[in-house]
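1. got a sequence here, can you model it:
(one chain, ligands or ions: 1)
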Amino acid sequence: DKNIIIAIDGPSGVGKGTLAKSVADYFHLPYLDTGLLYRAVGRKMLDAGEKPDSKSVLAFAENLQEKDWLRNDLRIPEVDKAASQVAANPKIRAALLNVQRNFAMLRGGVMDGRDIGTVIFPSADFKFYLTASPRIRAERRWLQFANSLKAENKEQQINKIEMDLKTRDEMDSSREVAPLKPAEDAIVIDTDHLTALEVLEKVVNKVKRHN
Ligand code: C5P
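-> Just a heads-up that it's a prediction; the model follows:
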């Protein structure tokens with residue numbers, strides 16, 4: 001058995017994480033949420049009060065360890081933004097490229113991110129690219145966090161999430177290095193009208209058929 005690599009790319013809030021985790025479980029492959037690497041570096045930048053291009057932030061990225069990205073305070077709006085900022089720095093991307101390739105070296109893996117199929121693993125065995133309209137992504141995000149938010153302002157909260165998603169899409173798609181876009185050979189799945197389970201079935205069937 002060779003080490004299978006499955007790339008799952010797409011914009012924020014499209015359900016890559018949920019899908020990638022299930023695919024990894026299904027095929028017994030290691031799973032890496034590559035957004036967490038950028039988040040860990042963004043967190044470091046905030047904590048150190050540094051800029052995205054500072055030397056110490058780069059040094060941190062070059063020596064990134066699992067414990068840095070497996071902490072639980074990385075999914076907050078402040079860090080969303082910081083992650084996108086450090087992600088636009090080519091040197092930081094180069095440092096994290098190594099971390100990502102090393103991760104899959106021994107046993108392959110399912111990796112979710114923005115540029116797995118285009119830059120990190122251009123010859124991945126399978127490449128999927130998920131899309132969904134910003135509104136639907138915002139609604140899904142809201143549902144994820146609904147318990148901790150006050151339901152009275154539901155509309156406003158979803159609007160705010162949608163605006164933030166669009167800003168981040170814009171930053172991620174317009175940057176010069178590794179912009180967010182599907183690889184030419186990626187299978188694009190529009191998830192607007194699909195449940196998480198239906199998306200999983202599509203992906204599992206594709207992978208099974210070719211193995
Ligand atoms: O996926 P997640 O929302 O956690 O990613 C946070 C940010 O990290 C993204 O907005 C993007 O700027 C950056 N990122 C990236 N390349 C990846 C994964 C994440 O540029 N492979």
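2. beta partners of the residue lying closest to Gly35 once chain neighbours are set aside?
-> Distance criterion Cβ to Cβ, 6 or more residues apart in numbering; nearest residue to Gly35, sequence neighbours excluded, is Gly113 at 6.2 Å. To be clear about C-beta, it is placed using only N, CA and C from the backbone, and glycine gets the same treatment. For Gly113, the beta-bridge partners under DSSP bridges are Asp9.
3. go ahead and confirm Leu37 touches Leu96.
-> Yes - Leu37 is within contact range of Leu96, at 5.0 Å (criterion: Cβ atoms under 8 Å).
4. find residues that contact each of the two.
-> Leu64 (Cβ atoms under 8 Å, 6 or more residues apart in numbering).
5. quick revisit: who's in contact with the residue nearest to Gly35?
-> By Cβ under 8 Å, 6+ apart, the contact list for Gly113 reads Ala7, Ile8, Asp9, Lys16, Asp33, Thr34, Gly35, Gln100, Ile120.
6. so which of those are in strands?
-> Ala7, Ile8, Asp9, Asp33 (DSSP state E).
7. of those residues - the most surrounded one?
-> Ile8 (31 neighbours; other Cβ atoms under 10 Å).
8. mind pulling up the pLDDT for that residue?
-> Here the pLDDT value assigned to Ile8 is 98.
9. can you tell me which residues in the protein are near the ligand?
-> Contact residues, the chain versus the ligand (Cβ under 6 Å from any ligand atom): 12, 34-35, 38-39, 83-84, 87, 113-115, 168, 172.
10. can you rerun that using 8 Å?
-> Residues of the chain lying close to the ligand by Cβ under 8 Å from any ligand atom are 9, 12-13, 16-17, 33-39, 42, 74-75, 80, 83-84, 86-88, 93, 96, 100, 111-116, 120, 168, 171-172, 175, 178, 180.
11. pull out the buried members of those.
-> By neighbour count, with 16 or more other Cβ atoms under 10 Å, the residues of the chain next to the ligand hold 9, 12-13, 16-17, 33-39, 42, 74, 80, 83-84, 86-88, 93, 96, 100, 111-116, 120, 168, 171-172, 175, 178, 180 as buried.
12. leaving out chain neighbours, which residue sits closest to Pro182?
-> Tyr129 (3.8 Å).
13. burial check on the one you found, number of neighbours?
-> Residues within reach of Tyr129, counting by other Cβ under 10 Å, total 24.
14. indicate each strand paired with the strand or helix carrying it and its parallel or antiparallel sense.
-> Per DSSP states H and E, Tyr129 falls inside strand 126-131. Counting by DSSP bridges, the strands paired with strand 126-131 are strand 5-9 (parallel), strand 187-190 (parallel).
15. C-alpha coordinates for the longest one, PDB please?
-> The C-alpha atoms that make up strand 5-9 are tabulated as PDB, following Å, rounded to 0.1, in the frame of the first residue of the first chain:
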ATOM      1  CA  ILE A   5      -2.500  11.800  -0.200                       C
ATOM      2  CA  ILE A   6      -5.900  13.400  -0.400                       C
ATOM      3  CA  ALA A   7      -6.100  17.200  -0.800                       C
ATOM      4  CA  ILE A   8      -9.200  19.100   0.300                       C
ATOM      5  CA  ASP A   9      -9.100  22.800  -0.500                       C
END
